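> Could you work out the structure for the sequence below:
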Amino acid sequence: MPQEMTFTLTIDAQEILVRYRPRYFIAADYAHFKFTSPHTPLRRIPVSETGYRSHFSPMHEVEAAPSVEEFARALALALLTSKKSNDGDTEDCSKQMDLF
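Coordinates of the predicted model:
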């Protein structure tokens, strides 16, 4: 079983704890990313008001990135852009670039 990896990202001057597990779904070959607040109890983070955000990504996309950390950063920024757009911001998500 692939090993889980934990690291910290800083986005908008806030730390986000990232837990990465490759090949979370064996049959579908997806990785699992958990973005959480490093605080107890959880506090708001840029990608989630609750302090927790889960996301599944195809392994081929993760493996195409320069590193897992860089993929997670790009993913968090994409989620942040999506969150702002869903909050009523006027940004057009159809213009969003691919992660890699």
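
> Please enumerate the helices of this protein.
59-64, 68-86 (DSSP state H).

> Scan this structure for its longest strand.
In the chain, assigned by DSSP state E, the strand with the most residues is strand 14-25.

> Now do the buried residues in that strand.
Going by neighbour count (16 or more other C-beta atoms under 10 Å), the buried part of strand 14-25 is 16-18, 20-22, 24. Placement of C-beta: from N, CA and C, glycine included.

> Please apply the same query to stretch 28-46.
30-37, 45-46.

> Point out where the protein drops to low pLDDT.
Residues of the chain that meet the criterion pLDDT under 70 lie in 1-2, 83-100.

> Could you rerun that using 90?
The chain contains residues with pLDDT under 90 at 1-3, 25-28, 80-100.

> Give me the neighbour count for Val68.
Other residues near Val68 number 17, with proximity taken as other C-beta atoms under 10 Å.

> With Pro66 instead?
Pro66 has 9 neighbouring residues, counting by other C-beta under 10 Å.

> Make 107 the starting number, not 1.
Sounds good: first residue 107 from here, last item Pro172.

> Highest mean neighbour count out of the helices of the chain?
helix 174-192 (a mean of 17; mean count of other C-beta atoms under 10 Å).

> Roughly how far does Thr156 sit from Arg129?
Thr156 sits 27 Å away from Arg129, going by C-beta to C-beta, to the nearest Å.

> cool, Glu175 as well?
Taking C-beta to C-beta as the measure, Glu175 falls 18 Å from Arg129.

> Could you do Leu181 as well?
17 Å.

> now Leu123
For Leu123 relative to Arg129 (C-beta to C-beta), the value is 21 Å.
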